[in-house]
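**Q** Below is the structure, and that's it, no one-letter string:
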């Protein structure tokens, strides 16, 4: 990772700062943190815009790892609010991929959305 610029996103700024420091100790050239929630389409667009404006990347490796954590429920036992939250969390990874490929050709994309991805 010695020459990589890394962008990490998440909902909690303190977690992002801690992870960015760890990445830099491992050799990342730059670890940009952008607070946001990929279940919100407007955050996805803002994250992509800030990433490309700041780093102007030419080659990318995109790793989408969105998840909610918590317990798993049978669909018929899940509330509509819980279903919507899970849907938008998983859809957020797809929206992020779309936002990135609209701006640059990604070298590799990994999507890992799971309730346990957290």
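**A** Looks like it arrived, so ask away. This structure is a prediction, so every number in the text was calculated from the model and none was measured.

**Q** my read: residue 96 touches residue 60, true?
**A** No - using C-beta atoms under 8 Å, residue 96 is not in contact with residue 60; the gap is 11.5 Å. The way it works is simple: take the backbone N, C-alpha and C, and place the C-beta from them, glycine included.

**Q** higher neighbour count, those two?
**A** Neighbours per residue, other C-beta atoms under 10 Å: of residue 96 and residue 60, the larger number sits with residue 96, 26 against 19.

**Q** got a list of contacts for the worst-scoring helix or strand of the chain on mean pLDDT?
**A** Lowest on mean pLDDT, DSSP states H and E among the helices and strands of the chain sits strand 108-111, with a mean of 72. With C-beta atoms under 8 Å, 6 or more residues apart in numbering as the test, strand 108-111 has contacts from 60-65, 93-94, 97, 100-101.

**Q** Return a PyMOL selection command for the buried portion of these.
**A** Applied in PyMOL, the following selects the buried portion of the contacts of strand 108-111 according to 16 or more other C-beta atoms under 10 Å:
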select buried, resi 60+62+64+93+97+100
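
**Q** Among the contacts of strand 108-111, which are located in strands?
**A** 61-64 (DSSP state E).

**Q** For those, work out which two are farthest apart.
**A** 61 and 64 (11.1 Å; C-beta to C-beta).

**Q** Now do the least confident helix or strand of the chain: distance to the chain's middle.
**A** 11 Å (C-alpha atoms, centre = their mean, to the nearest Å).

**Q** In its sheet, which strands sit next to that strand, and in what direction?
**A** With DSSP bridges as the test, strand 108-111 is paired with strand 61-64 (parallel).
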